[in-house]
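**Student:** Task: produce atomic coordinates for the following.
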Amino acid sequence: MALAADLPEKKESSLVKGLKLFLKIAVTVFCFWYISRKLDLQKSWESLLQANPLYVVLAVLSFAFSKLLAAFRLNINFRNIGVRLTEWRNIKLYWLGMFYNLFLPGSISGDAYKVVLLRRQLSAPVKKTGAAVLLDRFSGLLALGIILAICAVRVLPDWRLDALFALGAAVAIVATYLGVRFFFTDFLPGFWPTFFWGMAVQVFQVVCLYCVLLSLNIHTHTAQWIFIFLIASVISVLPLSLGGGLGTRELVFVEGAKYFSLDPHLALIISLLFYLSNLLSSVWGVYFIFHPPLKNYTAPAATFAAP
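**Tutor:** All right, here's what the predicted structure looks like:
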């Protein structure tokens, strides 16, 4: 994409970009190859055919709503550094970023796109907008870790593991707060608002998973399925595979199901239906490639502090 040339950091060579994309493809292919060796895919396919489409639609809507909340959360960070976007323009920018992240893994990422476009259209400071996007990601990850710790108490039999998860969540909250306070002071006023928005985002993604479970007529071991989902979500944050964790998430689901003595064939379908919810929610972002989110928009005067 032409926007890649606007990135402030030193540009990667085509060889490095190609190698990264190749590795992501390789990891994704390996994960599905490994799964295919362990499962009867015909059995998984039969489970998929039995999915209730009404609950699948509800799952897609729940996921899309979680991303709407995430867009509101990001705009808090933007306002903290003087980037004044209306909620609607920010939502359009966020949705376009979702499309980039999921469908263009070898191109500029959705997060980098936001930074580039804000600099180009609004002369927003690169370091501050980059920090806003980065802290938005951390906010989501922090909320994910807290919900994971709560769920761990329910599903893990060893109290020592429960204590470890609880301690990890508490340390993560304190460490993140101190990091923002001492290194990202512009964002300190928004720390708790973005924290609670982040919790709401993750709750609705859990709702999405619950709708997927209902679509497959799964009414038992819900806590275990949610715990596996949360672990898979943490792993999918790492840029190891294509399309926001495609392949790695499925692998974690299958192995997690085996750990809890659940059906790994259902685990694969649950993971793929969640990915489908992500895909169907994100694909609409392509509209904003042809209708740019910040077209004809001018930032209010004297908005930005020095970069």
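
**Student:** who are the neighbours in contact with Asn75?
**Tutor:** 85, 87, 90 (CB atoms under 8 Å, 6 or more residues apart in numbering). C-beta coordinates here come from the backbone N, C-alpha and C atoms, glycine included.

**Student:** For it, identify the helix or strand it belongs to.
**Tutor:** Assigned by DSSP states H and E, Asn75 belongs to helix 53-80.

**Student:** Only the buried residues of the following helix or strand past that helix, if you could.
**Tutor:** Sequence order places helix 87-103 as the next helix or strand after helix 53-80, per DSSP H and E. Residues 90-103 are the ones in helix 87-103 that count as buried (16 or more other CB atoms under 10 Å).

**Student:** Which secondary structure elements does helix 87-103 sit against?
**Tutor:** Contacts defined by 3 or more CB pairs under 8 Å, 6 or more residues apart in numbering; DSSP states H and E place helix 87-103 against helix 53-80, helix 110-122, helix 264-282, helix 287-290.

**Student:** Quick check: chain neighbours aside, which residue is closest to Asn77?
**Tutor:** Spatial nearest neighbour of Asn77, chain neighbours left out: Ala132 (3.8 Å); criterion: CB to CB, 6 or more residues apart in numbering.

**Student:** mind listing what Ser66 touches?
**Tutor:** By CB under 8 Å, 6+ apart, the residues touching Ser66 are 200-205, 207-208.

**Student:** Quick check: closest non-adjacent residue to it.
**Tutor:** Once flanking residues are discounted, Ser66 sits nearest to Phe204: 3.7 Å by CB to CB, 6+ apart.

**Student:** ok, Leu104 to Val203 distance?
**Tutor:** Noted for Leu104: a distance of 29 Å to Val203, by CB to CB, to the nearest Å.

**Student:** next helix or strand past the helix of greatest length in the chain?
**Tutor:** The single longest helix within the chain, with elements called by DSSP state H, is helix 126-155. Next helix or strand after helix 126-155 toward the C-terminus (DSSP H and E): helix 159-183.

**Student:** quick revisit: now the contacts of Ser66: which count as buried?
**Tutor:** Looks like these have 200-202, 204-205, 207-208 buried, using 16+ other CB under 10 Å.
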